[in-house]
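Colleague: give me coordinates for this.
(2 chains)
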Amino acid sequence: MKNNKIKNSITLLLCFVFIAFSNTVVNAQTKKQKARVSVTYNKEVNLNFLKISGKYKEGKKYNPAVGLDLEVYQVFENDSLVFLTNVALNKKGVTIVDVSKALQNNLEQYGFKVTHKASEKFKKVSKTISFQIANLNASLKTKEEKHFIVAKLTNVKNEPIEGAELKVQLQRYFSPLAVGKGIYFTNENGIINAPITEIMPGLEGILNYEVILDDSDDYGTIKDIVETTIGKPIVDQSAFDERTMWSPPTKAPWFNLIIPNILIVGIWGYLVVLVFNLYRISKHKSS
Amino acid sequence: MKNFEELTNDLAPRKFGLYGKLWIGFLVVIILAAVYAYYLQATKGLEITGMRDYALWGIYISNFVFFVAISLVGSLVTAILRLSGVKWATPLTRISEIIAVAAIIMGGLTIIIDMGRPERIYNLFLHGRLQSPIVWDVIVISTYLVISLLLLYFPLLPDLQILRRKFKDNKKLCKWYGRFSLNWDGNYYQRSIYKWSIRTLSVLIIPVAFGIHTVTAWLFATTYRPGWDSSNFGPYFIAGAFVAGAGGVISLMYVLRRTHNLKDYITDFHFDKMGKLLVLLCLIYLYFNVNEYLVPAYKTTEKEAAHLNALFFGEEALLFWTVIIGGLVLPVILLLFKKMRKPFPLFIIGLVVVIGAWWKRFIIVTPTLLHPFLPIQGVPESWHHYRPTHLEWLITWGTLAGSMLIVTLLVRYVPVIPIHETAEENNIIEPRNTDNNEK
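Modeller: Got it, this is the predicted structure:
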């Protein structure tokens, strides 16, 4: 009778543990997140890449989909897929895939597909992107001592693209600075002409200007950079040498070098003698 | 009057009993746990601590300053009292030397623990600039460590020889005591070198001890921060170190008196004297505290006011007033009464002073960092406060346990009261050439 009671208790306890455990597993399974993946095509100078980012909603907040595994395919006209690579999103929920080699077929339109097969944490998701190749060439022109950033946007057949919105900005340490109006639209020749109204300072006069076609539906994001030396060279105006007393070696007075070293060498000299004294004591035992 | 054999029997180190073994086990467990916590810190970085961009120095540096402070006792009792011819301090010299050695070893180690990338420490030696107080600190700490070790070792030489003879039946102990006694037989030549060396060390340790505390104070004072920007910091640290050291000696002398049954050697008279000395040291330190807080409070510049407000009335007020009143004012008042200078009450007061001294370092180090002249923008709110993590506490406890383990092991193998000096001072004749006679 007593044994039965114990057995029943153990069975009940096991059932409870099993139910609790199953519940946890079920909860864990039902807690699969729906990741929102976005893919953009970027061309920066000579580098062509896809920027893939992913996030998921938790409560009212979006979190980066850290570690989301993705397969990247190139999509051809007949909807056939060619596997390119596997990638995983980093701590910020972003990754970059170089597609320069995949763009060497001289096609008018390119397509890519990014997929995630269902995993423990995330549901299945896929995203497709298609775009055309465009070229953006920017340069610095100087006319009557006035500087201009001139840029030309052309398609893959080298035909000008009219009416495209281009940003012109100067690279700075924290965030870029708009040049002129900041935004310009290409004319019928696919050209913009942005006057540089103010010359900014730069290290050795170096100023880098960017011209960007930002997140275009047809062409993605294209950026070209113009490196110039038209800036006002930054002169080191550090007053360190003037405002410190003895810190620079050239300003350290002799007494400040000599006295501490005499103290250090003097004290350590005594310490060496004292350690030697231990040796002397050990060698002078009475016969 | 005891004869030499009785004196040796009384003062020779003895095996640990059950409590002694339990004590060592307890310390080892804490140290092992701290080593594991440090392993986590070494692999994950200082992220595991409560330190962030504001409080970039936390309890590790407070602990370092405490160790440096308490190590000053070596120079106080051994050197200052010895050179000024104070005979009553003889039974306390070894205790203070042991504390000094244990504290300075762990102090040096604590600095390395505070480093985020300890494997890069060699850069300090490769690229250290002599203009930097950090380099001064490295030089002066290593110098003080060597002097403390020598000051512990030289007076031990005759005692080690005495112990070698006493433990002649224990081959292992006899061998080690013999080796470390460096063939001491007390001949004229050895005694003259010995006396010169101890006198030289006693003189050397005073400026170096003052140097170590001044330089540690300058680590803070040479940075432009509220609470540290003071020309008073060097003497302020030295005065505080004397208080911490005296508290440490009082606590340890009571414990050793009990565990080693040394009532005939560490008497009520010694406690009374140390109690009076502690009053004097606390008063001097209080004077410096008044200087340290009153002048900036009078000027009340914006950031100093924020800092002092936090100490006097704000986040750190409870700790600040507990330390000032409990760790300095109350001991002075209590110790004016003779009853309070008896061994047990004085032991409790000494312990409170030591604990107060530890927290005083915390008050000096951390609150200042939370009130900089140039606040950092855009940092999380939690970075404006500092609460040490459990792992940080564990590592800190590990260093404290480490210092106590060093003390415990030294107490196990060396006499806590110098046998040779005690015999000389009491005109107890030491039997000579017993080795030869035995042979």
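Colleague: shaky segments in the stretch 301-439 of chain B?
Modeller: Within the stretch 301-439 of chain B, the stretches with pLDDT under 70 are B:432-439.
Colleague: mind doing that once more with 80?
Modeller: B:429-439 (pLDDT under 80).
Colleague: can you check chain A too?
Modeller: A:1-32, A:77-79, A:105-106, A:236-252, A:256, A:286-287.
Colleague: for it, what lies in contact range of chain B?
Modeller: A:246-247, A:252, A:260, A:264, A:267-268, A:270-271, A:274-275, A:277-278, A:280-286 (Cβ under 8 Å from any Cβ of the partner chain). Backbone N, C-alpha and C define where each C-beta goes, glycine included.
Colleague: what subset of the residues you listed is buried?
Modeller: Using 16 or more other Cβ atoms under 10 Å in any protein chain shown as the burial test, the residues of chain A next to chain B include A:267, A:270, A:271, A:274, A:277, A:278, A:281, A:284 as buried.
Colleague: how about stretch B:139-157, which residues are buried there?
Modeller: B:139-141, B:143-157.
Colleague: report the buried residues of stretch A:77-97.
Modeller: A:84, A:87, A:89, A:93, A:94, A:95, A:97.
Colleague: and chain B, which of its residues are near chain A?
Modeller: B:130-131, B:139, B:143, B:146-147, B:150, B:153-154, B:157, B:182-185, B:187, B:189-190, B:193-194, B:196-197, B:200-201, B:204, B:208.
Colleague: hang on, the earlier thing: among the buried residues of stretch B:139-157, which ones are in helices?
Modeller: The helices, defined by DSSP state H, take in B:139-141, B:143-153, B:156-157 from the buried residues of stretch B:139-157.
Colleague: any idea of the mean pLDDT for stretch B:61-79?
Modeller: Stretch B:61-79 comes out with an average pLDDT of 88.
Colleague: average pLDDT across the longest helix seen in chain B?
Modeller: Longest helix of chain B, by residue count under DSSP H: helix B:188-221. Helix B:188-221 comes out with an average pLDDT of 93.
Colleague: what sits closest to the residue of the stretch 1-150 of chain A at minimum distance from chain B if chain neighbours are left out?
Modeller: Evaluated by Cβ to the nearest Cβ, the stretch 1-150 of chain A has residue A:91 as its residue closest to chain B, separated by 14.2 Å. Counting by Cβ to Cβ, 6 or more residues apart in numbering or on different chains, residue A:66 is the residue found nearest to residue A:91 once chain neighbours are left out, at 5.7 Å.
Colleague: which SS state does that neighbour fall under?
Modeller: Using DSSP: H, G, I helix; E, B strand; the rest coil, the structure places residue A:66 in coil.
Colleague: number of residues surrounding residue 201?
Modeller: Answering for chain A, as no chain was given. Residues contacting residue A:201 under the criterion other Cβ atoms under 10 Å in any protein chain shown number 11.
Colleague: switch to chain B, please.
Modeller: Neighbours of residue B:201 under the rule other Cβ under 10 Å: 25.
Colleague: now swap in residue B:332 and tell me
Modeller: Per other Cβ under 10 Å, the neighbour tally for residue B:332 reads 17.
Colleague: let me know the closest of the buried residues of stretch A:77-97 to residue A:209.
Modeller: residue A:94 (25.8 Å; Cβ to Cβ).
Colleague: show me where chain A has helices.
Modeller: Assigned by DSSP H, the helices in chain A fall at A:2-30, A:240-243, A:254-283.
Colleague: contacts only, for residue B:148.
Modeller: Neighbouring residues of residue B:148 by Cβ atoms under 8 Å, 6 or more residues apart in numbering or on different chains: B:71, B:74, B:97, B:100, B:101, B:104, B:205.
Colleague: ok, residue A:188 next?
Modeller: When contacts are counted by Cβ under 8 Å, 6+ apart, residue A:188 touches A:160, A:162.
Colleague: backbone dihedrals for it, please?
Modeller: phi -70, psi -20 (degrees, to the nearest 10).
Colleague: quick check: it vs residue A:157, distance?
Modeller: In this structure, residue A:188 and residue A:157 are 16 Å apart, going by Cβ to Cβ, to the nearest Å.
Colleague: ok, residue A:221 next?
Modeller: Counting by Cβ to Cβ, the gap from residue A:221 to residue A:157 is 21 Å.
Colleague: check residue B:18 too.
Modeller: Taking Cβ to Cβ, one finds residue B:18 at 95 Å from residue A:157.
Colleague: same deal with residue B:305?
Modeller: From residue B:305 across to residue A:157, the span is 72 Å (Cβ to Cβ).
Colleague: neighbour count: those two, which is higher?
Modeller: When residue B:305 and residue A:157 are compared for neighbours, residue B:305 comes out ahead with 15 against 7, by other Cβ under 10 Å.
Colleague: residue A:133 against residue A:103, yeah?
Modeller: Yes: Residue A:133 lies in contact with residue A:103 (Cβ atoms under 8 Å); the separation is 6.6 Å.
Colleague: done for today, thanks.
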